[in-house]
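> could you look at this predicted model? Sequence included:
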Amino acid sequence: MRSVGPGRDDRPGSAEGTWDLQQNLLRLADPNQGSQVFVLLSAASDRLVLKKLA
């Protein structure tokens, strides 16, 4: 996966990362933003609903 967001100097930057889906938990990890975990609430061909875990 490729993550895009503010870089260290506030200019847009991108980084390669990884993702892992186990049951209904989606974990995204990249060197800039660290690891984020989401609960997959629903998935359809036109909509993905996630809830971010704190």
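Good, I have the coordinates.
> got a list of contacts for stretch 6-13?
Val4, Gly5, Asn32 (Cβ atoms under 8 Å, 6 or more residues apart in numbering). Quick note: C-beta positions are derived from backbone N, CA and C, even for glycine.
> among these, which ones are buried?
The neighbour-count test (16 or more other Cβ atoms under 10 Å) marks none of the contacts of stretch 6-13 as buried.
> nearest to Phe38 among those?
For those, the residue nearest Phe38 by Cβ to Cβ is Gly5; the value is 16.0 Å.
> tell me which helix or strand comes right after the strand or helix carrying that closest one.
Gly5 is part of strand 2-6, with elements assigned from DSSP states H and E. Next along the chain after strand 2-6, taking DSSP H and E as the criterion, comes strand 12-16.
> quick one: that next one to strand 2-6, angle?
150 degrees (axes from the mean of the first three to the mean of the last three Cα atoms, to 10 degrees).
> so what strands line up beside strand 12-16?
strand 2-6 (antiparallel) (DSSP bridges).
> using PDB, write down the CA coordinates of the strand it pairs with.
Extracted in PDB, the C-alpha atoms of strand 2-6 (Å, rounded to 0.1, in the frame of the first residue of the first chain):
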ATOM      1  CA  ARG A   2       1.100   3.600  -0.500                       C
ATOM      2  CA  SER A   3       0.300   6.200   2.200                       C
ATOM      3  CA  VAL A   4       0.100   9.900   1.200                       C
ATOM      4  CA  GLY A   5       0.000  12.700   3.800                       C
ATOM      5  CA  PRO A   6       1.900  15.600   5.200                       C
END
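> and the spatially closest residue to Asn32 that is not a sequence neighbour, how far is that from Arg8?
Nearest residue to Asn32, sequence neighbours excluded (Cβ to Cβ, 6 or more residues apart in numbering): Ala15, at 4.8 Å. Counting by Cβ to Cβ, to the nearest Å, the gap from Ala15 to Arg8 is 11 Å.
> and what of Leu41?
According to Cβ to Cβ, Leu41 stands 33 Å off from Arg8.
> could you check the pLDDT of Ser45?
We have a pLDDT of 96 for Ser45.
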